[in-house]
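S.K.: quick one, what's the 3D model for this:
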Amino acid sequence: MLQKVLHAVLVILLFIGGCGEKYIGPAADLVIKNAKIVTIDKDNPRAEAVAIKAGKIIAVASNRTIKRYIHKDSTKVIDARGRLLIPGFNDAHVHFNSIDPDYIDLRYITDANIITERVKEKVDQKKPGELIYGGRWEHEMFDNQQWPTKELLDEVAPNNPVRLSRADGHSVLVNSFVIEKSGITKNTPDPFGGEIQRDSVTGEPTGIFKESAKGLLKYGTVKKEVTTEEKEVNQIREWQTAFDQAAKLGVTSIQHPGDGNFEIYQKFMDMGKLTLRVDVNTGLTADKQRLKKYLKLAKKYPRKNNWLRFGYLKGFMDGTLGSATMMVFQPFDDAPDKTGLATMTYKKLEQRVLTADSMGFQIGIHAIGPKANRWILNAYEKAQQVNGKRDSRHRSEHAQILAEEDIPRFAELGVIASMQPTHCITDKRFCEKRIGKERSRYAYAWRSLLNANAKIAFGTDWPVEPLDPLEGLYAAVTRKDRMGEQGDGWFPEQKLTMHEAIELYTLGAAYAQFMEDRKGKIKEGYLADMVILNNDLMTIPEDQIMKAKVDYTIVGGKVVFKRGGAE
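M.R.: Numbers count the residues shown, from 1 in each chain. As a prediction, this is how the structure comes out:
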């Protein structure tokens, strides 16, 4: 009798440990095995394999344990072959939009004459009066580091309006055609919160319009005639190009500040072609009727949703470092007559914050300079005093340059620093020239903020900076120029580890949108958004980080991108 019992037990054990193991767990839709998994889950920081079912993670375990979820006829298996697997990148601040083939991309040019060449190429393809547009130029990258002027455009585009935005979007270069159509002369005064750049000798507009001065421009554009059907086909194609680019770069979630347009994302979701999760944000206001409309929109796209959600209310406090329009306490070193441009008075800021906060909205305000960040922190603190303290998770969008004494206030007030690490390696080339070394010490102060227990969410600010998260990770861990440079980086005491940088780009960004309970980790019960990379970001030399490639992007358990040649 005992022998029979022992035999039965042995059969059961063999069944569990052998070929029958696959039937113990539920059948996974997808299993990834043989991976180096950085989970961003402190309770289970490393693993080898993950099982996914119905868009969620059902197991994070060893290769041996994961076998029980593999059912021969229903489970797709990806063998990672030792590659790095991390949560999908969540871009906490991105001006996501369609990719327009007519747009003139001037990113990274060093010779301003290239502007003339590329505008001429586009003019040759257009009819007189049609708008020529583009941007992403950065005058600090030009060989002469001078602002471009209308003379670069006038000869090649005498009969077309031209609009070329600076990389930060806060300044624009236009030609004489536009200036004349707008009725602007040397006697036109600067509007509040804006500047018409003028020739130092003649006083005539140079073609550069900053901040609110852009609103003075009239382009007199001749509209290109397209049918409704052509317009819709073009729209879908251009947006699909943008979604494909995001998938190729491992971006699985975006938080889109400010435009309030759900329509295109809803359209792609209805078509079953939405390949990333979206928070759509809209403008900050004190108008209670508008805020009531936003409440209805928030009810239609609630926080409990996983794909399309109403986000925060976006406001602007100042300009940028590059355009010398950010708000500073003391004048700029290279422009001693300027202290930046406020987009509104403090009184108006406080009114908007108190009203929106009283109705339960999350608020995110563009604040680059130390004075702008001081103002928004003051307004958020006032809201707590007047409306009561709650888990509001209000945000400083950019939080680029801070006063040392304001850094602890982020944690004290529960304010999230929504930051874009590539701004550091772009702006460091001219930051000290503009504000000096001492004021630059707390520029892009990630380590100081973390040491003060503040919450940080990483993003890109695309198209101001490239959409590629790997550039952001490189910036965060090196604080060095994209071309590489000797030494420890710019203010190296602010550098992060690679693990920290990935966490801020995943779990940190999820926290900023109240989703840290289901996104940003590779953990059982979490959304199955993840990325497999061809190189191990945790160990490769720093000069190889931006050369790494995404092999697989997985959103909701589905492969939305696979790099050619990747297995």
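
S.K.: what about residue 449, which helix or strand?
M.R.: helix 446-451 (DSSP states H and E).

S.K.: again, but for residue 348
M.R.: Going by DSSP H and E, residue 348 is part of helix 346-358.

S.K.: what strands flank whichever helix or strand comes after that helix, and is each parallel or antiparallel?
M.R.: The first helix or strand that comes after helix 346-358 along the chain, using DSSP H and E, is strand 363-367. In the sheet, strand 363-367 lines up against strand 308-316 (parallel), strand 395-398 (parallel) (DSSP bridges).

S.K.: now strand 363-367, how far from the centre of its chain.
M.R.: Its chain's average C-alpha position is 14 Å from that of strand 363-367, according to Cα atoms, centre = their mean, to the nearest Å.

S.K.: same question for stretch 130-143.
M.R.: On Cα atoms, centre = their mean, the centre of stretch 130-143 falls 21 Å from that of its chain.

S.K.: now it: buried residues?
M.R.: The neighbour-count check on stretch 130-143 (16 or more other Cβ atoms under 10 Å) flags 130-142 as buried. C-beta coordinates here come from the backbone N, C-alpha and C atoms, glycine included.

S.K.: same question, stretch 504-519
M.R.: Quick answer for stretch 504-519 (16+ other Cβ under 10 Å): 504-516, 518-519.

S.K.: so which of the residues you listed is the closest to residue 394?
M.R.: residue 512 (10.2 Å; Cβ to Cβ).

S.K.: that closest one contacts residue 416, doesn't it?
M.R.: Yes: counting by Cβ atoms under 8 Å, residue 512 touches residue 416, with 4.9 Å between them.

S.K.: partner strands of the helix or strand following the helix holding residue 449, with direction?
M.R.: Sequence order places strand 456-458 as the next helix or strand after helix 446-451, per DSSP H and E. According to DSSP bridges, strand 456-458 forms sheet pairs with strand 416-419 (parallel).

S.K.: who's in contact with the strand it pairs with?
M.R.: 92-93, 364, 393-400, 410, 444, 446, 449, 454-459, 511-512 (Cβ atoms under 8 Å, 6 or more residues apart in numbering).

S.K.: and it, how far out from the chain middle?
M.R.: Its chain's C-alpha centre and that of strand 416-419 lie 11 Å apart, by Cα atoms, centre = their mean.

S.K.: related to what we said a few turns ago, check the strands paired with strand 363-367 for me and report the most buried one.
M.R.: Mean neighbour count (mean count of other Cβ atoms under 10 Å) peaks for strand 395-398 among those, with a mean of 29.

S.K.: TSV for the strands paired with strand 363-367, including mean pLDDT and distance to residue 564?
M.R.: Listed next are the strands paired with strand 363-367 as TSV, based on pLDDT from 0 to 100; distance: least, Cβ to Cβ, whole Å:
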stretch	mean pLDDT	distance to residue 564
strand 308-316	97	30
strand 395-398	98	36
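
S.K.: can you tell me which of those is nearest to residue 233?
M.R.: When the strands paired with strand 363-367 are compared for distance to residue 233 using Cβ to Cβ, the nearest one is strand 308-316, at 23.0 Å.

S.K.: circling back: which among the contacts of strand 416-419 end up buried?
M.R.: 92-93, 364, 393-400, 410, 444, 446, 449, 454-459, 511-512.

S.K.: one step back: what is in contact with residue 512 and residue 416 at once?
M.R.: With Cβ under 8 Å, 6+ apart, residue 512 and residue 416 have common neighbours 393, 395, 455, 457.

S.K.: redo the residues you listed as a markdown table? Include distance to residue 106.
M.R.: Listed next are the shared contacts of residue 512 and residue 416 as a markdown table, based on distance: Cβ to Cβ, whole Å:
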| residue | distance to residue 106 |
| --- | --- |
| 393 | 36 |
| 395 | 30 |
| 455 | 35 |
| 457 | 29 |
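
S.K.: between those, which is nearest residue 69?
M.R.: Distance to residue 69 across those (Cβ to Cβ) is lowest for residue 457, with 32.4 Å.

S.K.: dig out what that closest one forms beta bridges with.
M.R.: residue 418.

S.K.: quick one: contacts for it?
M.R.: By Cβ under 8 Å, 6+ apart, the contact set of residue 457 is 92-93, 395, 416-419, 504, 508-509, 511-512.

S.K.: please apply the same query to residue 514.
M.R.: Per Cβ under 8 Å, 6+ apart, neighbours of residue 514: 303, 362, 393.
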